[in-house]
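Undergrad: I would like to see how this sequence folds:
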Amino acid sequence: MKEIKAYIHNHRIGDVIRALKESGQCNANAGCHNLGVIPVQSLLKAVDAREQHYSVELAEEVIHESKLELVCEDHQVNELVDIIARTARTGQAMAGWIYVSDIIQAVPVAGRP
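TA: Predicted structure coming up:
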């Protein structure tokens, strides 16, 4: 199993999720699990100056973006990464990063026995 994490501009995240779902590769039956989106602050350059904000905590200019996370089967990685990279494009030279990591172990959190 693999974990894919992608840091994506907020204005692209909806299209990325839609493309993943429409591919048929990103659902539990296909082996893609735990799709999540987490709001984050990033030091990337903004596509539009209105996206740039000053973070008092970081003492830097930041943009608000999304971190997409999902777990998939090894054979799905290339297709899912390609969908994310293609759909997350903003027209900038640097629009984010996609990371792929090995999952050593996955343990379900079960309800009552």
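
Undergrad: Determine how far the host helix or strand of residue 87 lies from the middle of the whole chain.
TA: For residue 87, the element it lies in under DSSP states H and E is helix 77-88. Computed by CA atoms, centre = their mean, to the nearest Å, the chain-centroid distance of helix 77-88 equals 10 Å.

Undergrad: Now do the longest strand belonging to the chain: distance to the chain's middle.
TA: Ranked by residue count under DSSP state E, the longest strand found in the chain is strand 60-72. Chain-centre distance of strand 60-72: 6 Å, with CA atoms, centre = their mean.

Undergrad: Can you give me the neighbour number for residue 94?
TA: By the criterion of other CB atoms under 10 Å, residue 94 has 8 neighbours. Every residue, glycine included, has its C-beta placed from N, CA and C.

Undergrad: To which secondary structure element type does it belong?
TA: Put simply, residue 94 is coil when judged by DSSP: H, G, I helix; E, B strand; the rest coil.

Undergrad: if we can go back for a sec, so what touches the helix holding residue 87?
TA: For helix 77-88, the surrounding residues in contact (CB atoms under 8 Å, 6 or more residues apart in numbering) are 2, 4, 6, 8-9, 12, 15-16, 19-20, 23, 25-26, 32, 68, 70, 72, 95-96, 98, 100.

Undergrad: Can you name the secondary structure element that comes next after that helix?
TA: strand 96-102.

Undergrad: partner strands of that next one, parallel or antiparallel?
TA: Sheet pairing of strand 96-102 (DSSP bridges) gives strand 2-9 (antiparallel).
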